[in-house]
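Colleague: Quick one: sequence plus predicted model below, questions after.
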Amino acid sequence: MSKESVLIRMQEVIKDILDLDQLELNRELTAQDIDGWDSLAHINIVVGIEREFKCKFSLAEVKKLKCIGDFVDLIETKQ
Amino acid sequence: MQFNSPHYIIFLATVLIAYCNSQLSLRPYILLIASYLFYAFISLKFTIILIFLTSITYIISLLIKKNKDKKAKNLFFWTGILFALFSLFSFKYIGIFLTSINYLIGATANDYQLIEMAGISFISFHVIAYLIDIYYESVPVENSFTRFAVFISFFPKLLQGPIERAENFIPQLETLKKPTLENLQKGAFIIIWGLFLKTVVADRLSIYVDTVYQNTTSATSMSALLAVITYTFQLYFDWVGYTKIAIGSAQMFGIKLIDNFNNPLSAVSCTDFWRRWHISLSSWLRDYLFIPLSMTLREFGKFGLVIATMVTFVLCGLWHGPSIGFILFGVCHGIWLSLELIFKSKKKNIITIRLNPRLNRIVSNILTLSGLSLTFVFFRSKDLNDAIIIFRKCFTGITIFFTDFTKGINQILIALTNLQSNEYPWFTVQFNSFVLLVALSLVYIVRRYNFADRIQRLSIFWQLIAAQGLVLSILSLGIVSSPSFVYFQF
């Protein structure tokens, strides 16, 4: 699966959880840049992405994520 | 040595002179010696314990870095965490723990002569955050003992925070420069503003609060209601005043500390409040407790999030002190946040009242402030009995408002102008209310028109005029009703 398709699927999950229809993700975006991405949303996004990509993340892996690009790379390693 | 004492100003000036006249390589040492001296003025015993705690954590951090073997790394990490928790427990909770054990087994209570170490809650949270960060490799291990020790013990933040993060703080120590005139001016102005908030606003507000809480049974229902609302403001201005002095002091050395507040009195929900209040603690709890717990419980959906929220806030309450009042404060906030979490659907709030957005914000703000003020009763009351008396009186006061609004307003005005206290005659109380009205209006204008930034752009002459105006108002209108800062007890 290419990084672009991971990003697109991820975007759909986050759009749905945060209820942001206009959201357009790119690799450089961080949680602070996205409206409504707080600690609760963070957990919901992790769970949503785990379900979408049928994988599991450890706390250590989630803690290291700094931006969307890191998340995409992590998902790719799980596929 | 309190921040609002003349001794602190002399201490700060002396450290700055030594700092300005020293070589670049010596500056971290000066900050470290100054921090230990600052702590030694409180207690030499505490300073020795602090040095010991810092040294052990430093050694453990190097061992975590050195060991590539997962098992050994885990062992050192957990040793460090348990050591920090043990220190927190030993110097904060052991007294109440032994008393409770005695009570449970029915033994005669002993008068335990135990050390309650000032600032241990903040020190131990710095240590725990650092160990977790280096364990998960979020920050590099600091090789210099001096820089690490300054991170733990830097005197402006040592006793009441803000709880700094290694990734923000330590890099600043690597690039220490000679203090600039701009930093000195800015820092001094922030300190004066902090002193103004403490002595002119918070300490004057405390008059309405102390009169009621010193004798809860004789207080009228309306003065109790006034005291409950006023205490929220007093606590906020007391602490924001402290934080400003800490930030201003650090600024003079060219070090930027986290701003702990983002206008929390404008919060429109409990969730919003915790994003704005004591930001360094709430973000600590979020990153090192709530997220790990909710990650572990994520399979349970909203139920898991509720459990994580409750555990986080009960521990938050307990962090403030070992008393049932603080635990109940945490429980109330945990329940409130859980309800917001449950009733907030993905698309919109389930409970929606159709109001004009501006009116909706004002109503939400008033309801949030009222709820918060009720939970802060646990902070201020000396015991649970007092808290119950205050709640009963507040209920009577609110009933008066609902049955006869004019009577309610009249009684509030009476409470504001006459405390029915022998300690404060009516003219003192009326003068106090007038000064507070002017001071709070000034605070509002300063924030509304962003004077903090504007003042930096003024010429030195006008900056001096503004600073002198504030100093004069502190000297003439400031009072020291509570020499210590409220958060010092935590």
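Modeller: Noted; the coordinates are in hand.

Colleague: what residues are up against the residue of the stretch 101-250 of chain B found nearest chain A?
Modeller: The minimum distance from the stretch 101-250 of chain B to chain A, using Cβ to the nearest Cβ, falls at B:Tyr136 (4.8 Å). Where you see a C-beta, it was placed from the backbone N, CA and C, and this is true even at glycine. If a contact means Cβ atoms under 8 Å, 6 or more residues apart in numbering or on different chains, then B:Tyr136 has A:60, A:63-64 as its contacts.

Colleague: Find me the pLDDT at it, would you?
Modeller: As predicted, B:Tyr136 sits at a pLDDT of 87.

Colleague: ok, now how distant is B:Ser282 from chain A?
Modeller: As judged by Cβ to the nearest Cβ, to the nearest Å, B:Ser282 and chain A stand 10 Å apart.

Colleague: what helix or strand is that residue on?
Modeller: Using DSSP states H and E, B:Ser282 sits within helix B:279-285.

Colleague: which parts of chain A sit against chain B?
Modeller: Applying Cβ under 8 Å from any Cβ of the partner chain, we find that chain A lies next to chain B at A:16-17, A:19, A:38-40, A:42-43, A:46-47, A:59-60, A:62-64.

Colleague: top of the contacts of B:Tyr136 by neighbour count?
Modeller: Highest neighbour count within those: A:Lys63, with 20 neighbours (other Cβ atoms under 10 Å in any protein chain shown).

Colleague: What are the buried residues along the helix or strand encompassing A:Leu7?
Modeller: Under the criterion of DSSP H and E, A:Leu7 resides in helix A:3-18. Of all the residues in helix A:3-18, those buried under the rule 16 or more other Cβ atoms under 10 Å in any protein chain shown are A:6-7, A:9-11, A:13-14, A:16-18.

Colleague: average pLDDT for that helix?
Modeller: For helix A:3-18, mean pLDDT is 86.

Colleague: Check which helices and strands it sits against.
Modeller: Counting contacts by 3 or more Cβ pairs under 8 Å, 6 or more residues apart in numbering or on different chains; DSSP states H and E, helix A:3-18 is packed against helix A:39-53, helix A:68-78.

Colleague: Can you tell me which of those helices is most buried?
Modeller: Highest mean neighbour count among these (mean count of other Cβ atoms under 10 Å in any protein chain shown): helix A:39-53, with a mean of 19.

Colleague: picking that back up, let me have the helices and strands packed on helix A:3-18 in TSV, extended by mean pLDDT.
Modeller: Below are the helices and strands packed on helix A:3-18 laid out as TSV (pLDDT from 0 to 100):
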stretch	mean pLDDT
helix A:39-53	88
helix A:68-78	87
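
Colleague: Just send those helices back as CSV, with distance to B:Ile51 too.
Modeller: Below are the helices and strands packed on helix A:3-18 laid out as CSV (distance: least, Cβ to Cβ, whole Å):
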stretch, distance to B:Ile51
helix A:39-53, 35
helix A:68-78, 38
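
Colleague: Kindly state which of the ones you listed is positioned closest to B:Trp78.
Modeller: Ranking those by their distance to B:Trp78 (criterion: Cβ to Cβ) puts helix A:39-53 first, at 24.6 Å.

Colleague: residues contacting A:Met10?
Modeller: A:Met10 makes contacts with A:25, A:49, A:52, A:68, A:71-72, A:75, as judged by Cβ under 8 Å, 6+ apart.

Colleague: redo that, cut-off 10 Å
Modeller: A:25, A:45, A:48-49, A:52-53, A:68, A:71-72, A:75 (Cβ atoms under 10 Å, 6 or more residues apart in numbering or on different chains).

Colleague: And for B:Val15?
Modeller: Per Cβ under 10 Å, 6+ apart, neighbours of B:Val15: B:30-31, B:33-35, B:37-38, B:155, B:249, B:252-253.

Colleague: what sits against residue 20?
Modeller: Looking at chain A here, since you left the chain open. When contacts are counted by Cβ under 10 Å, 6+ apart, A:Leu20 touches A:11, A:14, A:34-37.

Colleague: if you could check chain B rather than the one you did, that'd help
Modeller: Counted by Cβ under 10 Å, 6+ apart, B:Cys20 has contacts B:27, B:30, B:178-179, B:184, B:252-253.

Colleague: which of these count as buried?
Modeller: Buried residues within the contacts of B:Cys20, defined by neighbour count using 16+ other Cβ under 10 Å: B:27, B:30, B:179, B:184, B:252-253.
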